[in-house]
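Enquirer: Okay, predicted coordinates and the sequence, questions at the end:
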Amino acid sequence: MNMRQELTAALVTALARVGLATTDPSSVRLEYPESLDHGDYATNVALAYAKKKGVSPRALAEEIVAELEKADLEFVEQITIAGPGFVNFKIKDAVFAGKVVEIASGDGEYGWATDSKSKKVMVEYTDPNPFKVFHIGHLMSNAVGESISRLVQSSGAEVVRACYQGDVGLHVAKTIWAIQNKRQDLGFKIQESSTITEKVKWLGEMYVIGSNAFEDDAVAQKEIHAINKQIFEKSDPEINKMYEEGRKWSLEYFDTIYARLGTKFNNFFFESEVADAGVQIVKEFLGKVFIESEGATIFKGEDYGVHTRVFITSNGLPTYETKELGLNSKKFELYPDLDESVIITANEQSDYFKVLLKVFSLVNPKIGDKTKHMSHGMLRFASGKMSSRKGNIIAAESLIDDIKELVTEKISGREFGPEEAEKVSDEIAIGAIKYTILRQAVGSDVIFDSATSVSFEGDSGPYLQYAAVRAGAVLEKAKQIQDTGFKIQDMPSIQVSTLERLIVRFPDIIARARAEYAPQHVAGYLIQLAGAFNAFYATNVIVDEKEPLSAYRVAVTKAFLTVMRNGLWILGIKIPERM
RNA sequence: GCCCUUGUAGUUCAAUGGAUAGAACAGUUCCGUCCUAAGGAAUAGAUGCAGGUUCGAUUCCUGCCGAGGGCACCA
């Protein structure tokens, strides 16, 4: 039993003794006070139960404290009553010091849980479309999805990372139309020897040209529709070849980005492979869930408080909705033991997923119950050159490379070989972007300020990386002096700072982030923790042979680095070896 | 018109119905023989408006105002 559980149990007992027996231990809430001045743990039970008992909160608090004093809580230094009736617990310093030393000498797995060991969760995210740009929206989805995946993993559950890629549809036809008709218009050409990046960029430009033609030119529009049909039927060898080649390029390129971002998918689903399954389901439930209307097959969402959507068009083609239906039943066919299936998309699709979730629950309650949709906002730009780019679609790599350039400038004064400088600036740039996305609640827009990203100070990814690198350097130096070891028994009256208190909280923080699917709790905690370490670093000389406390301080540093490494892993941020 | 999301310091974000609403950047002021100053310490500054529920509301409910998104054959 940990401290939290022991305190909770003691509180439940105390409540029962004062005539407030509760059958629900979760109603007894133990919180971290906003300020450490108020203690290490606090509870508001006296405020919550005062009315029920008909006494004032403070009077009840006094009764509860009297009972708690009788319980033998040897790790508690002091119990006090404050404010309107909060009961605050101050834990003995030596308890924190002992835990920190334990963490430092542990296997580095600190913070991981095993309570979901037998669970299996699928997370679908990133979802870029072949023939189109991998843009900053995909970057958002990837950062969020990867972090959610890692949070789930940290509970001991098995995660299946899935990526759904739209390899058929009008966007492909637009691109192929442009290749057939407008490839001469484009300033740059590609050849066999072109890099994959160049090839994909060329493809993206072709899509834009085709897309514009589709809007402005009625003849082109007709031709594109015809190509779309040909792609679907695989009836034209020339088109088939262009299709296969373009698809291959895109997928090869996506693989390089996934590797750069640190994601390894277990499953790739393709629109082309799920359409049939979706159509089957729609047919099966025609008349029960879906109805015919104006020649199309629709789901009449109004009857269920959601929007009405078309599933099969009047031309007989399945829409995206139908493909989603096929996709999600396929997920459960492949993994029948899935306990949860999370889908992460941009929030413009929120209403639309409400419809889909409703449909899922009607055609297959299992899928409906286990599927959860999460949405992220847009990545937008406050100021600077990145907002003024022509067009409003920014490629993910161009953002990363812009930031990387700034980082490279910044580290140019340091002694790095060219290869190391390249690796370090890549890790810092990606860390900076991921942190910006994950520091705030998932769902709302992220304003990326290029001016702030240049400074890398304060509330930023590089700040966290820097604190970790510093700790690593200290530990490196500590190897040079003799390790005398540190035994907490030798220092029963040790004084502990904010740093140790925060380190010990890590498992609770991560548990909450996991329960809420909210990586921002981890991000906020790590900033606080890094600040505490930097203050610790500024006021103490950690490695010092003449200092009796040196061994302890080294242990604290080690524990800090363990938490930092694990926390940053949750966010998908790498720690450079040097900065 | 209807539906969803959202409104917190000058700016970008926090805050499981609780205590003095936290950070960071920008501002003002300090800290350089030291394990990387991409750092530390100090200082000033905010809950859109109006009601309601509650012992207690940034948080829940209603209305208004502002912002973003979505509303049948695109994804």
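Expert: Thanks, I have it.

Enquirer: so where's the stretch 151-300 of chain A uncertain?
Expert: In the predicted model, the stretch 151-300 of chain A carries pLDDT under 70 at residues A:187.

Enquirer: For it, what lies in contact range of RNA strand B?
Expert: A:166, A:169-170, A:271, A:293-296, A:298, A:300 (CB under 7 Å from any atom of the strand). The way it works is simple: take the backbone N, C-alpha and C, and place the C-beta from them, glycine included.

Enquirer: end-to-end on stretch A:335-355?
Expert: One end of stretch A:335-355 to the other measures 24 Å (CA to CA, to the nearest Å).

Enquirer: pLDDT of it, averaged?
Expert: Across stretch A:335-355, the average pLDDT comes to 94.

Enquirer: Now do the phi/psi pair for A:Lys558.
Expert: Recorded main-chain torsions at A:Lys558 are phi -60, psi -40, according to degrees, to the nearest 10.

Enquirer: What's the per-residue pLDDT of it here?
Expert: 95.

Enquirer: and what of A:Gly384?
Expert: The model's pLDDT for A:Gly384 equals 45.

Enquirer: what do you get for A:Gly485?
Expert: So A:Gly485 comes in at 64 (pLDDT).

Enquirer: can you check the one 4 residues further on too?
Expert: The per-residue pLDDT reported for A:Gln489 equals 66.

Enquirer: what's the answer for A:Thr562, then?
Expert: pLDDT at A:Thr562 comes out at 96.

Enquirer: one step back: as JSON lines, the residues of the stretch 151-300 of chain A next to RNA strand B with secondary structure would be great.
Expert: Putting those into JSON lines (DSSP: H, G, I helix; E, B strand; the rest coil) gives the following:
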{"residue": "A:Gly166", "secondary structure": "coil"}
{"residue": "A:Gly169", "secondary structure": "coil"}
{"residue": "A:Leu170", "secondary structure": "helix"}
{"residue": "A:Glu271", "secondary structure": "helix"}
{"residue": "A:Ser293", "secondary structure": "strand"}
{"residue": "A:Glu294", "secondary structure": "coil"}
{"residue": "A:Gly295", "secondary structure": "coil"}
{"residue": "A:Ala296", "secondary structure": "strand"}
{"residue": "A:Ile298", "secondary structure": "strand"}
{"residue": "A:Lys300", "secondary structure": "coil"}
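
Enquirer: filter those residues to the buried ones?
Expert: A:166, A:169-170, A:271, A:296, A:298 (16 or more other CB atoms under 10 Å).

Enquirer: Among those, which one sits closest to A:Ala66?
Expert: A:Gly166 (65.8 Å; CB to CB).

Enquirer: ok, the closest residue to RNA strand B within the stretch 351-500 of chain A - how many residues close by?
Expert: Nearest residue of the stretch 351-500 of chain A to RNA strand B: A:Gly458, at 2.0 Å (CB to the nearest atom of the strand). Neighbourhood size, A:Gly458 [other CB atoms under 10 Å]: 10.

Enquirer: Would you confirm that it belongs to a strand?
Expert: No. Counting by three-state DSSP, A:Gly458 falls outside a strand, being coil.

Enquirer: what sits against it?
Expert: Listed by CB atoms under 8 Å, 6 or more residues apart in numbering, A:Gly458 has no contact partners.

Enquirer: so what's it scoring on pLDDT?
Expert: Confidence at A:Gly458, expressed as pLDDT, is 86.

Enquirer: Let me know the distance separating it from A:Ile527.
Expert: 8 Å (CB to CB, to the nearest Å).

Enquirer: next one: A:Arg578
Expert: Distance of A:Arg578 to A:Ile527, computed by CB to CB: 22 Å.

Enquirer: neighbour count winner among those two?
Expert: Of the pair A:Arg578 and A:Ile527, A:Ile527 is the one with more neighbours under other CB under 10 Å, namely 18 against 12.

Enquirer: for chain A, what spans make up the strands?
Expert: A:30-31, A:41-43, A:76-82, A:86-91, A:120-124, A:158-165, A:267-270, A:290-293, A:296-299, A:309-312, A:340-346, A:371-376, A:379-381, A:446-448 (DSSP state E).

Enquirer: Tell me how far the third one lies from the chain's centre.
Expert: By that I understand strand A:76-82. Taking CA atoms, centre = their mean, to the nearest Å, the mean C-alpha location of strand A:76-82 is offset from the chain mean by 37 Å.

Enquirer: OK, contacts around the spatially closest residue to A:Val359 that is not a sequence neighbour?
Expert: Computed as CB to CB, 6 or more residues apart in numbering, the closest residue to A:Val359 that is not its neighbour in sequence is A:Phe299, at 5.5 Å. Shown in contact with A:Phe299 (CB under 8 Å, 6+ apart): A:289-291, A:308-309, A:311, A:321, A:355, A:358-359.

Enquirer: who wins for most neighbours among those residues?
Expert: Most neighbours among the contacts of A:Phe299, by other CB under 10 Å: A:Val359, with 28 neighbours.

Enquirer: Near A:Pro33, how many other residues are there?
Expert: When neighbours are defined as other CB under 10 Å, A:Pro33 has 17 of them.

Enquirer: Verify the stated contact: it with A:Thr80.
Expert: No. A:Pro33 is not in contact with A:Thr80 according to CB atoms under 8 Å; the separation is 11.1 Å.

Enquirer: so what's in contact with the two at the same time?
Expert: Common neighbours of A:Pro33 and A:Thr80 (CB under 8 Å, 6+ apart) are A:39, A:88.

Enquirer: Near the nearest residue to A:Gly377 once chain neighbours are set aside, how many other residues are there?
Expert: Nearest residue to A:Gly377 in three dimensions, chain neighbours excluded: A:Asp445, at 3.7 Å (CB to CB, 6+ apart). A:Asp445 has 13 neighbouring residues, counting by other CB under 10 Å.

Enquirer: which residues touch A:Asp445?
Expert: Contacts for A:Asp445 were tallied using CB under 8 Å, 6+ apart; they are A:377-380.

Enquirer: how much space between it and A:Glu69?
Expert: Distance from A:Asp445 to A:Glu69, by CB to CB: 51 Å.

Enquirer: again with A:Ala104
Expert: On the measure of CB to CB, A:Ala104 and A:Glu69 end up 33 Å apart.
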